[in-house]
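Engineer: sequence and predicted structure below; questions after.
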Amino acid sequence: MKYLIDFTALALLYAFVLFRKWKIKGRDILLVNTLMYIYLSFVLYFTLMPIITSIPFVLNHPYTPMNLVPFIDVSLGRGDFLRQIVLNIIMTMPFGFLFPLTQKRTAKFSRTVFFCFLMSLGIELLQPLINGFRSSDVTDLITNVIGGILGYGFYVVFRPITFWILDHLKMGKYHQS
(Lines give C-alpha, C1' and ligand atoms only; values in the text may rest on other atoms or scores of the structure.)
Protein backbone atom coordinates (compact mmCIF):
# COMPACT_ATOMS: atom_id res chain seq x y z
CA MET A 1 0.00 0.00 0.00
CA LYS A 2 2.85 2.38 0.84
CA TYR A 3 4.34 1.85 -2.62
CA LEU A 4 0.96 2.42 -4.25
CA ILE A 5 0.86 5.95 -2.86
CA ASP A 6 4.27 6.75 -4.39
CA PHE A 7 3.41 5.18 -7.75
CA THR A 8 0.08 7.03 -7.81
CA ALA A 9 1.91 10.33 -7.25
CA LEU A 10 4.38 9.47 -10.03
CA ALA A 11 1.55 8.48 -12.39
CA LEU A 12 -0.38 11.69 -11.70
CA LEU A 13 2.74 13.80 -12.25
CA TYR A 14 3.31 12.06 -15.57
CA ALA A 15 -0.30 12.18 -16.75
CA PHE A 16 -1.12 15.77 -15.84
CA VAL A 17 2.20 17.56 -16.23
CA LEU A 18 4.96 15.74 -18.08
CA PHE A 19 2.99 13.87 -20.75
CA ARG A 20 1.32 17.05 -21.98
CA LYS A 21 4.59 18.96 -22.00
CA TRP A 22 6.51 16.23 -23.86
CA LYS A 23 3.72 15.35 -26.32
CA ILE A 24 3.76 18.89 -27.73
CA LYS A 25 7.47 18.52 -28.54
CA GLY A 26 6.95 15.44 -30.72
CA ARG A 27 6.70 11.66 -30.51
CA ASP A 28 10.46 11.20 -30.43
CA ILE A 29 10.87 13.42 -27.36
CA LEU A 30 7.79 11.90 -25.74
CA LEU A 31 9.21 8.40 -26.19
CA VAL A 32 12.70 9.15 -24.89
CA ASN A 33 11.51 11.23 -21.92
CA THR A 34 8.84 8.67 -21.02
CA LEU A 35 11.41 5.87 -21.07
CA MET A 36 13.69 7.94 -18.84
CA TYR A 37 10.77 8.69 -16.48
CA ILE A 38 9.83 5.02 -16.23
CA TYR A 39 13.47 4.10 -15.65
CA LEU A 40 13.86 6.73 -12.89
CA SER A 41 10.60 5.55 -11.30
CA PHE A 42 12.02 2.04 -11.05
CA VAL A 43 15.26 3.40 -9.61
CA LEU A 44 13.19 5.16 -6.94
CA TYR A 45 11.30 1.93 -6.29
CA PHE A 46 14.45 -0.12 -5.74
CA THR A 47 16.43 2.50 -3.81
CA LEU A 48 14.18 4.89 -1.88
CA MET A 49 10.52 3.84 -1.83
CA PRO A 50 8.29 4.14 0.05
CA ILE A 51 8.96 7.87 0.21
CA ILE A 52 5.71 9.76 0.86
CA THR A 53 4.59 7.60 3.79
CA SER A 54 8.12 7.77 5.26
CA ILE A 55 8.29 11.57 5.38
CA PRO A 56 6.60 11.94 8.82
CA PHE A 57 9.14 9.50 10.30
CA VAL A 58 12.33 10.91 8.77
CA LEU A 59 13.54 12.28 12.11
CA ASN A 60 12.49 9.21 14.13
CA HIS A 61 15.73 7.30 13.56
CA PRO A 62 19.41 8.16 13.63
CA TYR A 63 21.09 9.09 10.37
CA THR A 64 23.87 6.65 9.57
CA PRO A 65 26.64 8.40 7.64
CA MET A 66 27.94 6.99 4.37
CA ASN A 67 30.59 4.31 4.53
CA LEU A 68 33.56 6.03 2.91
CA VAL A 69 35.85 3.00 2.58
CA PRO A 70 35.56 1.82 -1.04
CA PHE A 71 34.93 -1.89 -1.56
CA ILE A 72 35.30 -2.74 2.15
CA ASP A 73 32.76 -5.57 1.76
CA VAL A 74 34.92 -7.04 -0.99
CA SER A 75 38.12 -6.83 1.01
CA LEU A 76 36.46 -8.31 4.12
CA GLY A 77 34.42 -10.87 2.15
CA ARG A 78 31.17 -9.67 3.73
CA GLY A 79 27.75 -10.46 2.34
CA ASP A 80 26.88 -10.83 -1.29
CA PHE A 81 29.21 -8.04 -2.41
CA LEU A 82 29.63 -9.33 -5.99
CA ARG A 83 25.86 -9.40 -6.53
CA GLN A 84 25.56 -5.86 -5.13
CA ILE A 85 28.32 -4.56 -7.39
CA VAL A 86 26.78 -6.13 -10.50
CA LEU A 87 23.28 -4.89 -9.63
CA ASN A 88 24.54 -1.33 -9.00
CA ILE A 89 26.31 -1.30 -12.35
CA ILE A 90 23.27 -2.69 -14.18
CA MET A 91 20.94 -0.24 -12.42
CA THR A 92 22.61 2.85 -13.88
CA MET A 93 23.45 1.59 -17.37
CA PRO A 94 20.06 2.81 -18.69
CA PHE A 95 20.85 6.26 -17.29
CA GLY A 96 24.10 6.42 -19.29
CA PHE A 97 22.19 5.42 -22.43
CA LEU A 98 19.02 7.49 -22.02
CA PHE A 99 20.39 10.69 -20.50
CA PRO A 100 22.18 11.82 -23.68
CA LEU A 101 18.99 11.19 -25.64
CA THR A 102 17.01 13.53 -23.35
CA GLN A 103 19.37 16.43 -23.99
CA LYS A 104 18.63 19.05 -26.65
CA ARG A 105 22.26 19.11 -27.61
CA THR A 106 24.36 16.02 -27.74
CA ALA A 107 25.31 15.22 -24.17
CA LYS A 108 29.00 14.94 -23.67
CA PHE A 109 30.49 12.05 -21.80
CA SER A 110 31.51 14.27 -18.88
CA ARG A 111 28.00 15.73 -18.53
CA THR A 112 26.43 12.28 -18.53
CA VAL A 113 28.88 10.97 -15.93
CA PHE A 114 28.41 14.09 -13.79
CA PHE A 115 24.61 13.74 -13.72
CA CYS A 116 24.88 9.99 -13.09
CA PHE A 117 27.14 10.82 -10.15
CA LEU A 118 24.66 13.42 -8.83
CA MET A 119 21.72 11.00 -9.10
CA SER A 120 23.68 8.29 -7.32
CA LEU A 121 24.95 10.65 -4.62
CA GLY A 122 21.42 11.88 -4.00
CA ILE A 123 20.17 8.33 -3.62
CA GLU A 124 23.02 7.36 -1.30
CA LEU A 125 22.52 10.42 0.93
CA LEU A 126 18.73 10.01 1.09
CA GLN A 127 18.57 6.25 1.71
CA PRO A 128 19.43 6.33 5.42
CA LEU A 129 17.34 9.48 5.91
CA ILE A 130 14.14 8.03 4.46
CA ASN A 131 14.55 4.57 5.92
CA GLY A 132 16.56 3.82 9.05
CA PHE A 133 17.25 0.29 7.79
CA ARG A 134 19.08 1.38 4.65
CA SER A 135 22.70 2.30 4.50
CA SER A 136 24.79 4.40 2.20
CA ASP A 137 28.08 3.30 0.71
CA VAL A 138 30.75 4.91 -1.45
CA THR A 139 31.13 1.57 -3.26
CA ASP A 140 27.55 1.96 -4.52
CA LEU A 141 28.39 5.44 -5.74
CA ILE A 142 31.47 4.18 -7.60
CA THR A 143 29.70 1.20 -9.16
CA ASN A 144 26.70 3.33 -10.16
CA VAL A 145 29.01 5.73 -12.00
CA ILE A 146 30.71 2.77 -13.70
CA GLY A 147 27.24 1.64 -14.84
CA GLY A 148 26.54 5.11 -16.23
CA ILE A 149 29.86 5.04 -18.11
CA LEU A 150 29.06 1.63 -19.60
CA GLY A 151 25.58 2.85 -20.54
CA TYR A 152 27.13 5.84 -22.30
CA GLY A 153 29.35 3.41 -24.19
CA PHE A 154 26.22 1.61 -25.41
CA TYR A 155 24.76 5.00 -26.37
CA VAL A 156 27.82 5.75 -28.51
CA VAL A 157 27.77 2.31 -30.16
CA PHE A 158 24.02 2.35 -30.87
CA ARG A 159 23.69 6.09 -31.58
CA PRO A 160 23.21 5.64 -35.36
CA ILE A 161 20.42 3.11 -34.90
CA THR A 162 18.82 5.10 -32.08
CA PHE A 163 18.84 8.35 -34.05
CA TRP A 164 17.45 6.54 -37.10
CA ILE A 165 14.51 5.29 -35.00
CA LEU A 166 13.93 8.70 -33.41
CA ASP A 167 14.14 10.45 -36.80
CA HIS A 168 11.47 8.09 -38.17
CA LEU A 169 9.26 8.83 -35.17
CA LYS A 170 9.76 12.54 -35.76
CA MET A 171 8.95 12.21 -39.47
CA GLY A 172 5.87 10.16 -38.62
CA LYS A 173 4.58 13.14 -36.65
CA TYR A 174 4.70 15.36 -39.72
CA HIS A 175 3.12 12.76 -42.01
CA GLN A 176 0.06 12.40 -39.79
CA SER A 177 -1.24 15.90 -40.57
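Structural biologist: The structure has been received and is ready for your questions. Quick caveat: nothing in here was measured; it's all calculated off a predicted structure. Residues are numbered from 1 along each chain as shown.

Engineer: now do the buried residues in the helix or strand hosting His168.
Structural biologist: Using DSSP states H and E, His168 sits in helix 138-176. For helix 138-176, burial by neighbour count (16 or more other C-beta atoms under 10 Å) applies to 138-152, 155, 162, 166, 169. Placement of C-beta: from N, CA and C, glycine included.

Engineer: before we move on, what about stretch 50-65?
Structural biologist: 50-51, 54.

Engineer: among those residues, which ones are in helices?
Structural biologist: Per DSSP state H, helices hold no members of the buried residues of stretch 50-65.

Engineer: would JSON lines of those residues with pLDDT be doable?
Structural biologist: What follows is the buried residues of stretch 50-65, written out as JSON lines (pLDDT from 0 to 100):
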{"residue": "Pro50", "pLDDT": "93"}
{"residue": "Ile51", "pLDDT": "93"}
{"residue": "Ser54", "pLDDT": "91"}
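
Engineer: quick one, helices of this protein?
Structural biologist: 2-13, 19-25, 27-47, 72-76, 81-102, 109-130, 138-176.
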